[in-house]
Structure formats: structure tokens, C-alpha cells
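Trainee: Quick one, structure for this:
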Amino acid sequence: MEPDQTNLASLFSGISAQLRGALSNLHLAAAQLIPAEAREKDSALDARAALLDQSYYRLLRLVNSLSAAASLSGGRPLTLQDWDIAELVSEQCERAASLAALCGLELRFLCPMEHHICAVDSEKLEQLLYHLLSNAFKFTSSGGTVTVELRRAQENILLSVADTGCGISEDRLSTLFDGCAHDEPMDAAPHGLGLGLYLCLQIAKGHDGRLMAESHLGKGSRFTFSFPDRQIGTSVSDIRMDYSGGFNRTLLFLADAMPANAFLLRNES
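Mentor: Prediction:
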């Protein structure tokens, strides 16, 4: 591993650990000052508390991205296991559909396969899909459509996320996967530190795959994750691990793209 990757992993790991501790204390204090019972009885209080939760979720999402960057930059191998990938992606899209609606968007899932067993790291696949969905939600105006497609192509699986959003200029396309290397701010906010697509690229490489982008200004973008269609002979897993610390996992992943009303008490369950 190159020295700069070692330094990056160490830096991200240290920052994320310190921030996670501070965030835990802030969230505990906020829950005591504005308990759920009070929010249920007062819609105005709930709306103000939702703004606090929105900021908390976004910061926690950033901390999780820093932790993931430290892990992937540190060269840890992915944990591949045989999964029903069609079911896995379908469930993730189903959970994200209601949040897309809060953004005024329609989320579609296209897959010709009812079931298909393939070796993936399910946690990392989920991170990749939700990072791509978060970007699509952020840069697609209300009334637009985001389409997730899963299909086989020869000896590969193709997972793509396409949107009808603002699109990306040709100049920016060339540096999309360079982490924090962007000199210009994105047109829409919030847009994070640029870690999302870098993480997606590392996840793709960890599956011996590729991540490709195509876009046209004013017409939208498509990101495609291509990886080998293979099985490794393990028993097919149906265990869903929860790494969200008890929070709404999908809302946490998509927090950057969500409006404040997504964090109202009735929407956080």
C-alpha cells in the first residue's frame, strides 16, 4: 500500500472516531431536551426538532463515509458471500421509494430476474447503491425520475442508477471519482466532501468490477456498477446486518438529499 493511502486511512479513522463520540453526546442531549412524547403532542416543536435531526443525520452520514474511506483505503478485503442480489436490490429500492416521494421524485426499479444468486459484499453494495441514489435525488428536480436497473450482461452483473436531473459537464466527468479533488463547488447544496463516488469506486474495485459514468447537461446522468456474475459456494445468506446504530438506516444513507420534513417524527420510523 502506498504511503499516502496509509496516511489517508489513519487521518479519516482518527477524525471519524472523534466526531462519532461528540455526535453521540449531542444526540443524547437533544433527545432529553426534546423527547419524542413532546414532539408527538406539538407539531411546531416536531418541525423544529426535525431540523436538528436533519443536521445530526447528515453529520453522522459524513462520519460513516469517513470510516468507510479509512477501511477501504486501508486495503481490507471485502467480505463476499452468495446473496440473492435481485431480492437485495429490490428491498433497498422499496425502502428508498417513500423517501424519493418526499423529494417529489419517482423511484423505479427494473429487473428482468425474479431471483439471482451472486457473490457480493452486501453491506458495501448497499452503501454503493445509496450513495448513487443520494446523488441522483440531490441533482434531480421535483417531478423527475430516478431509475435503478439490475441485469445480466454476458458474464457480468450491471447495476445502474439513472436520473433525469441537471447532468454533469464533460470537464467534471473526468474528475468525478477523485475524492476531495474538486476545485469548484457543486451547483446544488448540500453536496458533501466528494467522498461518495470515491467510495463507490473503491467498492467496485473490491468486487473486481468497474464504475462508469455518463451524463448530458440538462438531461441527466447514469452511473453503472459492473462486476463479475459469480458464486463462491457459500450458503445463500438472508441475514440483514444493521450498522445504523438503531436509526432509520435508509434515511441515514440518504440524509444529504432529504428535505427537513423527512425527519419529522412520523417519517423517521
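
Trainee: what distance separates the start and the end of stretch 70-87?
Mentor: With Cα to Cα, to the nearest Å as the measure, stretch 70-87 spans 29 Å from end to end.

Trainee: mean confidence for it?
Mentor: Mean pLDDT, stretch 70-87: 84.

Trainee: which residues does residue 267 contact?
Mentor: By Cβ atoms under 8 Å, 6 or more residues apart in numbering, the contact set of residue 267 is 102, 251, 261. C-beta: built from backbone N, CA, C; applies to glycine.

Trainee: Derive a PyMOL selection command for the buried subset of these.
Mentor: Here is the PyMOL command that selects the buried residues among the contacts of residue 267 (16 or more other Cβ atoms under 10 Å):
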select buried, resi 102+251
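
Trainee: nearest to residue 222, of the contacts of residue 267?
Mentor: Nearest to residue 222 among these is residue 102, at 23.2 Å by Cβ to Cβ.

Trainee: contacting residues for the nearest residue to that closest one once chain neighbours are set aside?
Mentor: Of all residues not flanking residue 102 in the chain, residue 262 sits nearest, at 4.9 Å (Cβ to Cβ, 6 or more residues apart in numbering). Neighbour list for residue 262: 50, 54, 99, 102, 251 [criterion: Cβ under 8 Å, 6+ apart].

Trainee: Would you point out the most distant pair within these?
Mentor: Among the contacts of residue 262, 50 and 99 lie farthest apart (Cβ to Cβ), at 14.0 Å.

Trainee: Packing partners of the helix or strand residue 148 falls within?
Mentor: Element membership for residue 148 (DSSP states H and E) is strand 145-153. Judged by 3 or more Cβ pairs under 8 Å, 6 or more residues apart in numbering; DSSP states H and E, strand 145-153 is in contact with helix 85-102, strand 106-110, helix 122-138, strand 156-163.
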